[in-house]
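K.L.:
Sequence plus predicted model, see below.
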Amino acid sequence: MERYKVLIVDDDQDLLKVLHRKLTRAGFDVMCAEDGLSATGIAVRERPDVVLLDVQLPGGSGPHVLQRLRNLLPLAAVPVVVMSACTPEVGLSLIANGADEFLQKPVDPAKLIEAIYGVLGGTEA
């Protein structure tokens, strides 16, 4: 059975650890990046099935990372779930600019897993 690859991009190390543990237990292969620049490099190298993206990041904000992913042909169709404490209006703006889903922080891991399967077409690996 194939496992979906998830790239989590967030500069909150505690949140990365929690989400990494929860998603790994849920059956995902998980990679992490703490800034926008390394997120793009990891995405190009590893080709994740979905990207979980914070908005405020060092080394390139979430919207810049989203734009870079959408401009790279091999990654243009990779679903992106934005996770942020920003206002819902910012989330809607990001969806209008290429994100697939927006979740308000703090993120409930169960809702996050549901959103991941939702953007992947609703099927579990």
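P.N.:
Yes, it's here.
K.L.:
give me the low-pLDDT residue ranges for this structure?
P.N.:
1, 123-125 (pLDDT under 70).
K.L.:
change it to 80
P.N.:
Residues of the chain meeting the criterion pLDDT under 80: 1-2, 59-60, 122-125.
K.L.:
Dead centre of it: give me the residue that sits there.
P.N.:
Nearest residue to the geometric centre of the chain (Cα atoms, centre = their mean): Leu52, 1.1 Å.
K.L.:
quick one: contacts for that one?
P.N.:
When contacts are counted by Cβ atoms under 8 Å, 6 or more residues apart in numbering, Leu52 touches Val6, Leu7, Ile8, Val9, Asp10, Leu19, Val80, Val81, Met83, Leu112, Ile116. For the C-beta atoms, the positions are set from N, CA and C on the backbone; glycine is no exception.
K.L.:
any idea which element the last one lies in?
P.N.:
With elements delineated by DSSP states H and E, Ile116 resides in helix 109-119, which encompasses its position.
K.L.:
where along the protein do the helices fall?
P.N.:
13-25, 36-46, 62-71, 88-96, 109-119 (DSSP state H).
K.L.:
among the ones you listed, which is the most enclosed?
P.N.:
helix 62-71 (a mean of 19; mean count of other Cβ atoms under 10 Å).
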